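Engineer: Kindly return the folded structure for what I paste below:
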Amino acid sequence: MNILIVNDSKLLREVLKTMLESLGYTSIFEAANGMEAITKTHAVKPEIIFMNLIMPEMDGYEATKEILGTYAATKIVMMSTSSFSETPLSKSNLNIYDYVSIPFNKNRIKKILNEKD
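Structural biologist: You can find the predicted model right below:
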């Protein structure tokens, strides 16, 4: 399974990548913002994307809209340090697969990926 991690923090991308590798996943790709996420999605066609909400250049909300417009079957897991119940995303009509909070909980990530497989 191809997995894409999109976050402007290199440290958070590394933390999640290490966690995914410890769970046995090896096809892991990274992007630092929404624009890079769109480019990477076209190149590697990930089955699941862990997308940060707030990023420079293009935020996760806009990137998600564009990605799902072309790759509707892609599962988007939105991640943020903020509460999703307070974000405009929770009221959007985007088909978000799931949400995770930062810092990451390995059991939560594992559960999301097991449901996807």
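
Engineer: going forward, measure contacts and count neighbours with C-alpha atoms only.
Structural biologist: OK.

Engineer: sec struct for the residue nearest the centre of the chain, please.
Structural biologist: By CA atoms, centre = their mean, the chain has its centre lying nearest to F50, at 1.4 Å. Secondary structure, DSSP: H, G, I helix; E, B strand; the rest coil: F50 is strand.

Engineer: Please tell me I have it right and it contacts L12.
Structural biologist: No - look at F50 against L12 with CA atoms under 8 Å: they stay out of range, at 11.2 Å.

Engineer: Show me which residues of the helix-or-strand element of the chain with minimal mean pLDDT are buried.
Structural biologist: Lowest on mean pLDDT, DSSP states H and E among the helices and strands of the chain sits strand 98-101, with a mean of 86. For strand 98-101, a neighbour-count test (16 or more other CA atoms under 10 Å) marks 99-100 as buried.

Engineer: same question, stretch 31-51
Structural biologist: So for stretch 31-51, counting by 16+ other CA under 10 Å, buried means 31-35, 37-38, 40-41, 45-51.

Engineer: Which member of the residues you listed is positioned nearest T81?
Structural biologist: T81 lies nearest to M51 out of the buried residues of stretch 31-51, by CA to CA, at 12.0 Å.

Engineer: Who does the residue nearest to the centre of the chain form a beta bridge with?
Structural biologist: Beta-bridge partners for F50, by DSSP bridges, are I5, V77.

Engineer: can you give me the helices in the protein?
Structural biologist: According to DSSP state H, the chain carries its helices in the segments 10-22, 34-44, 60-70, 106-116.

Engineer: For the ones you listed, please prepare CSV with the additional fields mean pLDDT.
Structural biologist: Converted to CSV, those look like this (pLDDT from 0 to 100):
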stretch, mean pLDDT
helix 10-22, 96
helix 34-44, 97
helix 60-70, 93
helix 106-116, 88
